[in-house]
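> Have a look; sequence and predicted model below, questions after that.
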Amino acid sequence: MAKEVYYRRMVREDIPWVVSIEQESFATPWTAEVFEHEMTGNEYANYVVAVYDEEVIGHCGMWIILDECHITNVAVRLHMRGKGIGEQLMREAIALCKKMDVRVMTLEVRMTNVIAQSLYRKLGFKDGGIRKNYYTDNHEDGLVMWVEFK
C-alpha cells in the first residue's frame, strides 16, 4: 500500500522536525526556542504540518488575530518539494482560516521567489505592495500579498 501525505495541527513534539526544515529552507531560520514560544506563549499562533512516513516534511505557520491571518512561514523538506505539499499546506491553512471566520490572509515573499509567488497567485493572492529591505540576511525587498475571503 502506498504511503500518503497527511496534514494535521502541529504539536510541541514536532518542533525538532520543523526546525530542521527551517534550517534547510531559510537563510535566517527560526529556532527551537521561537517555535516553543509559538506553541506555548502565543495565543494567536496556529501551525499545520505535513506528515509522510512518520516524518514531518513541511509546515505552515500563521497568526490569526480577530478576522485577519498573517502567514509567518511555509516550508517543505528539500527532497519533497515539487509534489504539491506546499500548496496543500496553504490550502489547509486557508480552510482553517475560513472555519475561524477570517476575512483576509496576508504574507510576505521574497521578490526573487517567483515559484512561491506563482503558488500564492494560484490560490487567489494579489500583490499588495513592497516592504523595502524586508529580509535581514540580504536586505531583499518583500512582496506583500493578500487574499480576501467572501
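Good, I have the coordinates.

> all contacts plus neighbour counts: C-alpha atoms, from now on.
Noted.

> show me where this structure has strands.
6-9, 45-52, 55-65, 68-76, 104-110, 126-131, 142-148 (DSSP state E).

> Save these as CSV, and put in mean neighbour count too.
Listed next are the strands of the chain as CSV, based on neighbours: other Cα atoms under 10 Å:
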stretch, mean neighbour count
strand 6-9, 15
strand 45-52, 21
strand 55-65, 21
strand 68-76, 20
strand 104-110, 20
strand 126-131, 15
strand 142-148, 19
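
> Adding distance to I94 and mean pLDDT, write these out as JSON lines.
Output for those, formatted as JSON lines (distance: least, Cα to Cα, whole Å; pLDDT from 0 to 100):
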{"stretch": "strand 6-9", "distance to I94": "13", "mean pLDDT": "96"}
{"stretch": "strand 45-52", "distance to I94": "11", "mean pLDDT": "98"}
{"stretch": "strand 55-65", "distance to I94": "10", "mean pLDDT": "98"}
{"stretch": "strand 68-76", "distance to I94": "9", "mean pLDDT": "97"}
{"stretch": "strand 104-110", "distance to I94": "8", "mean pLDDT": "97"}
{"stretch": "strand 126-131", "distance to I94": "15", "mean pLDDT": "96"}
{"stretch": "strand 142-148", "distance to I94": "10", "mean pLDDT": "97"}
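
> Mind checking the ones you listed for the one nearest to V18?
Of all the strands of the chain, strand 55-65 sits nearest to V18, with 6.8 Å by Cα to Cα.
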